[in-house]
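Asks: need a structure here:
(2 chains)
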Amino acid sequence: GAVVSQHPSRVICKSGTSVKIECRSLDFQATTMFWYRQFPKQSLMLMATSNEGSKATYEQGVEKDKFLINHASLTLSTLTVTSAHPEDSSFYICSARDLGASGGPSSYNEQFFGPGTRLTVL
Amino acid sequence: DQQVKQNSPSLSVQEGRISILNCDYTNSMFDYFLWYKKYPAEGPTFLISISSIKDKNEDGRFTVFLNKSAKHLSLHIVPSQPGDSAVYFCAATAYSGAGSYQLTFGKGTKLSVIP
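Replies: Modelled structure (predicted):
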């Protein structure tokens, strides 16, 4: 299947610093990438949807100025957690949808996830 | 408000037996359902899906059943193999406007298949 990578896999930072997480589709082009967050023993929660070349669409309750998303190419999206605080500690995971994916809900069959990034803010 | 519920956080099954993972949902607008499988340190991978116009979809050892009236779906794995040990996420989609579909996940069920 298609491969999506994330870097770094794990990051520990001090409170107040910014952290950038990269999400890459390695063997396909993705017009749409999704960013999720998962707290312990909770569901994956969609944070934002990013489309290549346009502004990301954020879910209700997600601060767009705190979680900056850039999707500058068909294979790369970045999530920057600005001025991170301990409550931002979580597992961040991205997914990408193949450019050739069909429209409609069945396109989620063709959504590929990265391995995730564990962020710990001290 | 948890719209997709997986009430069993874990399940242990003997190798060769049937594994049944359950999922309930509350949003009647959900019209497409998916199961994802996740190994440690890896992202979820798509396993099987079902449209709301069907009540069963089968793919090899994996079968998903949908009971719309009960707002319940289940994933059956027969026979279970040790390699099936993973966390299984149930997910559902609903049209959210402007040609996009919102995907909502459950919390996951950790399946352990005992050799």
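
Asks: which parts of chain B sit against chain A?
Replies: Applying C-beta under 8 Å from any C-beta of the partner chain, one finds that chain B approaches chain A through B:2, B:4, B:9, B:31-32, B:34, B:36, B:41-46, B:49, B:51, B:89, B:91, B:93, B:95, B:99-108. The way it works is simple: take the backbone N, C-alpha and C, and place the C-beta from them, glycine included.

Asks: out of those residues, list just those in strands.
Replies: Using DSSP state E, B:4, B:32, B:34, B:36, B:45-46, B:49, B:51, B:89, B:91, B:93, B:95, B:100-105 are the members of these that sit in strands.

Asks: ChimeraX command for the buried members of these?
Replies: Burial among these is assessed by 16 or more other C-beta atoms under 10 Å in any protein chain shown; the matching ChimeraX selection reads:
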select /B:4,32,34,36,46,49,89,91,93,101,102,103,104,105
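
Asks: the helix or strand harbouring A:Arg97 to strand B:100-105, inter-axis angle?
Replies: Per DSSP states H and E: A:Arg97 is located in strand A:90-98. Using axes from the mean of the first three to the mean of the last three C-alpha atoms, to 10 degrees, one finds that strand A:90-98 and strand B:100-105 are set 140 degrees apart in direction.

Asks: direction included, what does strand A:90-98 pair up with?
Replies: strand A:30-38 (antiparallel), strand A:111-113 (antiparallel), strand A:117-121 (antiparallel) (DSSP bridges).

Asks: what packs against the helix or strand that the first one is followed by?
Replies: This points to strand A:30-38. Going down the chain from strand A:30-38, the next helix or strand is strand A:44-51, by DSSP H and E. Packed against strand A:44-51, as judged by 3 or more C-beta pairs under 8 Å, 6 or more residues apart in numbering or on different chains; DSSP states H and E, are the following elements: strand A:30-38, strand A:57-58, strand A:67-73, strand B:100-105.
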